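Enquirer: With the input below, show me the fold.
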Amino acid sequence: MIKRNNITELLKGVEVEWKTLGEVTTILTAQSKVKKDRYSKSGKIPIIDQGEQFIAGYSNENIQPIESGEYIIFGDHSEHIKYVDFSFIQGADGIKILKTKNDNTKYIYYAFKNFYHKELSYKRHWSNAKETSIPIPPLHVQTEIARILDTFTALTAELTAELTAELTTRKKQYNYYRDKLLTFQEDEVEWKNLGEIAKIKNGKDWKKLGDGDIPVYGTGGVMGYVNTHAYNKPTVLIPRKGSITNIFYLESPFWNVDTIYYTEIDEEEIIPKFFYYYMKTIDLTKLDTGSGRPSLTKAILDNINIPIPPLKEQARIVEILDKFDVLTNSITEGLPREIELRQKQYEYYRNLLLNFSVETQ
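Expert: Take a look at the predicted model:
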């Protein structure tokens with residue numbers, strides 16, 4: 001692991017000259033470009049455009065690519081910044097292909113990302129981006145800074161891959177046991193229509209309610225907080241329009257808007273958490289009635305068949321699935337948290353490495 005003392009020693013006494021990005025780079029113009037409708041999923045030459053994806057697609061067309069080298073790609077509209085060290089074809093319009101004049105390209109890339117302030121609006125940004133001030137230390141210091149930041153980038157990518165793989169495995173395991181526990185033969189348990197064990201209730205507008213600590217739910221989750229509730233007992237929220245697969249289980253008071261239903265559940269028939277787990281196994285997209293925006297109606301939902309095993313068996317299944325849910329969510333929540341911590345660590349060292357105004361005084 002890189003130590004602060006090593007970085008301080010590296011930058012000790014280093015003199016820098018501040019220059020703009022436009023001063024230290026030149027713009028290359030691609031001889032030809034590929035329109036988005038001609039992108040392929042595979043091919044000989046990768047396509048780089050201003051989108052968020054690093055490689056937007058591939059091409060097998062007889063097009064003159066940008067020759068292999070080190071480049072900084074700036075999305076003139078998107079403000080995405082990329083480092084490319086291979087031959088590629090420019091996709092569509094809207095990118096600036098930058099080549100450094102005398103400096104370490106990877107260093108300039110990191111410095112540009114660190115010091116450029118995004119405007120976050122849809123317009124041409126190059127006129128401002130090229131004025132970004134960048135500290136220019138001696139070349140050997142640039143090279144070492146780039147090497148250190150490459151190391152942190154690789155470590156972050158490795159961590160993300162490992163945690164994502166663990167999360168995928170844990171989710172598969174959870175889904176397997178959930179489906180196994182919630183699969184019943186027709187004659188194995190009693191079956192009832194959803195409308196027989198729960199009443200589906202509409203949501204209401206929340207705009208005129210006062211501020212408070214009661215969460216307001218829509219199909220995407222919590223939208224805000226108000227000072228009153230629509231319901232305060234265990235319930236399953238089922239979307240009416242929009243993201244119809246986003247089902248929520250709640251035990252605390254809440255308000256729901258008109259794009260999502262709540263349910264008044266007959267707890268003498270079914271445990272609310274068991275009802276929630278079973279609803280998660282149903283592919284609600286197959287019940288969609290919307291011609292444009294996905295929609296679910298009360299009539300269709302009321303006719304869903306729900307298994308009703310004895311309450312004791314329901315409780316046993318809920319207890320098992322709760323344990324798997326905790327394990328899965330611990331990874332789900334841990335993934336972004338661990339990545340955030342590693343990203344903060346990366347940003348700390350990046351700022352330390354590029355903070356010449358402080359370190360060189």
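Enquirer: For the stretch 151-300 of the chain, just list every one of the strands.
Expert: 190-193, 198-201, 211-218, 221-226, 235-239, 248-250, 255-256, 260-265 (DSSP state E, counting those that start in this stretch).
Enquirer: Mind checking those for the one nearest to Thr29?
Expert: Among the strands of the stretch 151-300 of the chain, the nearest to Thr29 by C-beta to C-beta is strand 221-226 (45.6 Å). (C-beta placed from N, C-alpha, C; glycine too.)
Enquirer: Compute the inter-axis angle for that closest one and strand 235-239.
Expert: Counting by axes from the mean of the first three to the mean of the last three C-alpha atoms, to 10 degrees, strand 221-226 points 120 degrees away from the direction of strand 235-239.
Enquirer: Pairing partners for strand 221-226, with directions?
Expert: strand 211-218 (antiparallel) (DSSP bridges).
Enquirer: Check what contacts the partner strand and list those residues.
Expert: Strand 211-218 is contacted from outside by 203, 206, 222-229, 237, 242, 248, 250, 252-257, 259-260, using C-beta atoms under 8 Å, 6 or more residues apart in numbering.
Enquirer: Show the buried residues in the residues you listed.
Expert: 203, 206, 223-224, 226, 229, 237, 242, 248, 250, 254-257, 259-260 (16 or more other C-beta atoms under 10 Å).
Enquirer: pLDDT-wise, what's the bottom of those?
Expert: Lowest in pLDDT among those is Gly242, which has 86.
Enquirer: give the contact list for the closest residue to it other than its chain neighbours.
Expert: The shortest distance from Gly242 to any non-neighbouring residue, by C-beta to C-beta, 6 or more residues apart in numbering, is to Thr219 (4.1 Å). Residues near Thr219 by C-beta under 8 Å, 6+ apart: 239-244, 246, 259-260.
Enquirer: re the thing from before, how about the strands of the stretch 151-300 of the chain in TSV, adding distance to Ile95?
Expert: Output for the strands of the stretch 151-300 of the chain, formatted as TSV (distance: least, C-beta to C-beta, whole Å):
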stretch	distance to Ile95
strand 190-193	56
strand 198-201	50
strand 211-218	37
strand 221-226	35
strand 235-239	39
strand 248-250	41
strand 255-256	44
strand 260-265	41
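Enquirer: Which stretch among the ones you listed is buried most, on average?
Expert: strand 255-256 (a mean of 26; mean count of other C-beta atoms under 10 Å).
Enquirer: and Ile89, what helix or strand is that in?
Expert: Following DSSP states H and E, one finds Ile89 within strand 89-91.
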